[in-house]
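Participant: okay, predicted coordinates and the sequence, questions at the end:
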Amino acid sequence: MLKLCLKTINSRSKYDGIVQKRCHLPHGHKGRCDEFPFLRHFYEMDKSVADKIKRDSTMTTGAAWKSEDAGPNRILRWVMLLSDEELKNFGLDMSKLKPGIIAKLREKAADYDSCIEVALKLTWLVYQMEDAPQPPRAIREYLEGFFGQMDFGSTVCEVCKLPISFKLFELAQRGKAEIETCHKNPRLHNAENVGFAHRECNIAQGAKTLDDFYEWIEGILERSGH
Ligand SMILES: [Zn+2]
Ligand SMILES: [Zn+2]
């Protein structure tokens, strides 16, 4: 695997004491350090795609939680690895939340490196969607160093296995999220376990693992005589 710079990047987040953000440019690179160098191309051409990859990799998913009782809307996944006691120092009182919400937040926890790996994997998959832009050579070679050669047009929905078009991201900009980040096992956030799914497929899968989901569907088809 590619050797990375990994120098600490200073930011002003109140959570900096928990995890130091690091540079993921190749070791010995020129110029400024960059936490997400593999997203640079998307930041230039389609910021919403880059923002989505970064958000889905590093933040817990935000349900439409509004009241304090319902918990924080989105929070860095590695913050959710802290104990209840430690979280109090950041103004998060878990004892005020309902058990269901706590469980949901806790199962979305992931360490910093896993989140970065997820971001890398999602970026690698986006470039392989139908109608996706061509990656600049440096980014392509960088991503292929982690996950192997790209096969353009090969990214399929993790659930229904139909191809996913990059154009669906454009619909999302108009307030309709048609592509969602999907977890083969909803309680694991790492590169191997993530991919993209159609929104309706992701909703159908729900809290089941993909294996359990297919078994469930199989049973339904059998019982209904299909
Ligand atoms: Zn660097
Ligand atoms: Zn699908």
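Facilitator: Cool, the structure landed. Numbers count the residues shown, from 1 in each chain. Ligands and ions are numbered 1, 2, ... in the order given.
Participant: name the residues that touch stretch 24-33?
Facilitator: Applying Cβ atoms under 8 Å, 6 or more residues apart in numbering, the contact partners of stretch 24-33 are 2-7, 9, 23, 34-38, 116, 142. Bear in mind the C-beta positions are built from the backbone N, C-alpha and C, glycine included.
Participant: how about that stretch: buried residues?
Facilitator: Within stretch 24-33, the residues that qualify as buried are 24-26, 33, counting by 16 or more other Cβ atoms under 10 Å.
Participant: okay, those in a markdown table with secondary structure and distance to ligand 1 next?
Facilitator: Shown next, in a markdown table, are those (DSSP: H, G, I helix; E, B strand; the rest coil; distance: Cβ to the ion, whole Å):
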| residue | secondary structure | distance to ligand 1 |
| --- | --- | --- |
| His24 | coil | 8 |
| Leu25 | coil | 5 |
| Pro26 | strand | 9 |
| Cys33 | coil | 3 |
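Participant: might one say that Phe42 is in contact with Lys54?
Facilitator: No - the pair formed by Phe42 and Lys54 falls short of the contact definition of Cβ atoms under 8 Å, at 9.5 Å.
Participant: pLDDT at Ser67, what is it?
Facilitator: With respect to pLDDT, Ser67 scores 49.
Participant: most distant residue from the centre of this structure?
Facilitator: The outermost residue of the chain, judged against the average C-alpha position, is Gly225 (37.6 Å), by Cα atoms, centre = their mean.
Participant: ok, back up a step: ok, Phe42 and Lys54, which is more surrounded?
Facilitator: Phe42 (24 against 19; other Cβ atoms under 10 Å).
Participant: can you list the residues of this structure near ligand 2?
Facilitator: 157, 159-160, 198, 201 (Cβ under 5 Å from the ion).
Participant: most neighbours among the residues you listed, which one?
Facilitator: Val159 (23 neighbours).
Participant: apart from its chain neighbours, what residue comes closest to Asp56?
Facilitator: Leaving aside its sequence neighbours, Asp56 sits nearest to Thr181 (Cβ to Cβ, 6 or more residues apart in numbering; 4.1 Å).
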